[in-house]
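*Asks:* heads up, no residue letters with this:
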């Protein structure tokens, strides 16, 4: 599966967005990780029958598609919020926003 | 409001401020933060937290080892790791299962109440444990050490008494009825407690075990190798101490078989068992104690011989007859009433 953001990058976003007024980018990151896990999981499944292969291929295709969408979503969200796209540092303006309860 | 002490390991000022603010809002006031892991050993030397919150950062994988340090220096502390989902979570969970240094792993982002519910549960557990520990300590001070050993020892059948060789020591204030009238009641009580505490301390220092306080004295046993020697040394020290005590006392000492175990009825509510030592040797030691003058030790000749302490007898006692013994018992006395200092061994 093609990955635009590697694990370190996605984790960095989550680490910084422990919580702030909106922790949605971190939720998007979690979903990306879950999709990667789903993709990896089906790859390690046994393909004993033709149906097995069909099931796993379907899941792989869907996971890839969803993953691509969520990575695009993350890129867009980070851009909208003004994150530094090279270092993936959270913008100061977000940090200064009043904190919403965890 | 909780009095749990919480240590937060977080290098990031922003996330620390978020956690701090939310914890304070929920009544957690006793918070300490460590920004740099290097400070942790110094901090833990003088502060043992109940709970440690560790904010794990993916780019610092080695920082997880701080949790091992916490468990080494503050083993009672519960460690909660906050970790980003995905590979970081997997790595930390694996580390936790391999080292047992992390009690709970919670995934970021902390967007629901899961974190605080977990914290609340742990906090409640810690407070309950604290109360239980305080209560246990208080109860431990009320029961003899030998009873604690008997109850704790897995190999001991708690329902069965054991027959053991022991040296039994009794102390008793001389003319206590008169002493009570010489002091205001509260002052007498304070002096009595002070004296009994000193006696118990001396007995423990000689590896003896206080079985019970008998009102104005103690009953103690010495077991194992060298019991007679240790018991006599302890008795001599006590007698010497009695010289300067406002409540002078005498000491009785005998050695032989005793029955040790739980006595009493635990089957009915309101009644309890207590650890005790009984038998003819106990009667004998008690009898010798009642015969002893102020700052005097009366011991059986047999114990004196076994003790190999060549302290000269200061008063002829001869044989005394005690119920449970077919023949009279040879006894010796050591008095320190008029002696400035004693040489225990010669």
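*Replies:* Now that the structure is in, tell me what you want to look at. Note that this is a predicted model, so its numbers are computed, not measured.
*Asks:* grab the most central residue of chain A for me.
*Replies:* In chain A, the C-alpha closest to the average C-alpha coordinate belongs to residue A:32, at a distance of 2.5 Å (CA atoms, centre = their mean).
*Asks:* is it true that that one touches residue A:66?
*Replies:* No: Residue A:32 is beyond contact range of residue A:66, at 9.2 Å (criterion: CB atoms under 8 Å). In this view, the C-beta of every residue, glycine as well, is placed from N, C-alpha and C.
*Asks:* picking that back up, how about the residue nearest to the centre of chain A, secondary structure?
*Replies:* helix (DSSP: H, G, I helix; E, B strand; the rest coil).
*Asks:* ok, now how distant is it from residue A:5?
*Replies:* Distance, residue A:32 to residue A:5, using CB to CB, to the nearest Å: 7 Å.
*Asks:* where's residue A:51, which helix or strand?
*Replies:* helix A:50-81 (DSSP states H and E).
*Asks:* can you give me the buried ones in whichever helix or strand comes after that helix?
*Replies:* Once the chain leaves helix A:50-81, the next helix or strand it forms, by DSSP H and E, is helix A:92-95. By neighbour count with 16 or more other CB atoms under 10 Å in any protein chain shown, helix A:92-95 contains the buried residues A:94-95.
*Asks:* does chain B sit close to helix A:92-95?
*Replies:* Yes: judged by CB under 8 Å from any CB of the partner chain, helix A:92-95 comes into contact with chain B at residue A:95.
*Asks:* and that helix, how far out from the chain's middle?
*Replies:* Put simply, helix A:92-95 sits 21 Å off its chain's centre (CA atoms, centre = their mean, to the nearest Å).
*Asks:* over to stretch B:280-299?
*Replies:* Centre to centre, stretch against its chain (CA atoms, centre = their mean), the figure for stretch B:280-299 is 28 Å.
*Asks:* over to stretch B:192-205?
*Replies:* Using CA atoms, centre = their mean, the offset of stretch B:192-205 from its chain centre is 14 Å.
*Asks:* re the thing from before, what mean pLDDT does the helix holding residue A:51 have?
*Replies:* Mean pLDDT, helix A:50-81: 94.
*Asks:* can you give the contact residues for stretch A:42-53?
*Replies:* A:55-56, A:59-60, A:63 (CB atoms under 8 Å, 6 or more residues apart in numbering or on different chains).
*Asks:* which of the residues you listed sit farthest apart?
*Replies:* Taking CB to CB as the measure, these reach their widest spread between A:55 and A:63, a distance of 12.4 Å.
*Asks:* for the stretch 51-200 of chain B, what lies in contact range of chain A?
*Replies:* Selection of the stretch 51-200 of chain B residues close to chain A by CB under 8 Å from any CB yields B:55, B:57-59, B:82, B:84-88, B:107-111, B:113, B:115-116.
*Asks:* just the ones of those in strands?
*Replies:* B:55, B:82, B:84, B:107-108 (DSSP state E).
*Asks:* nearest to chain A, of the residues you listed?
*Replies:* Of all those, the one with the least separation from chain A (CB to the nearest CB) is residue B:84, at 3.6 Å.
*Asks:* what does the pLDDT read for that closest one?
*Replies:* We have a pLDDT of 90 for residue B:84.
*Asks:* nearest residue to it other than its sequence neighbours?
*Replies:* Spatially, and ignoring its direct neighbours in sequence, residue B:84 is nearest to residue A:14 (3.6 Å; CB to CB, 6 or more residues apart in numbering or on different chains).
*Asks:* okay, now the domains of chain B?
*Replies:* What automatic domain parsing lists as the domains of chain B is B:6-142, B:145-335.
*Asks:* adding distance to residue A:38 and mean neighbour count, write those domains out as CSV.
*Replies:* Shown next, in CSV, are the domains of chain B (distance: least, CB to CB, whole Å; neighbours: other CB atoms under 10 Å in any protein chain shown):
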stretch, distance to residue A:38, mean neighbour count
domain B:6-142, 12, 17
domain B:145-335, 49, 18
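*Asks:* can you redo those as a markdown table with distance to residue A:78?
*Replies:* Shown next, in a markdown table, are the domains of chain B (distance: least, CB to CB, whole Å):
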| stretch | distance to residue A:78 |
| --- | --- |
| domain B:6-142 | 15 |
| domain B:145-335 | 60 |
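*Asks:* all strands for chain B, in order.
*Replies:* Under DSSP E, chain B gives strands at B:6-9, B:31-34, B:51-55, B:78-84, B:104-108, B:162-173, B:209-213, B:218-223, B:249-264, B:273-278, B:296-300, B:315-320, B:329-335.
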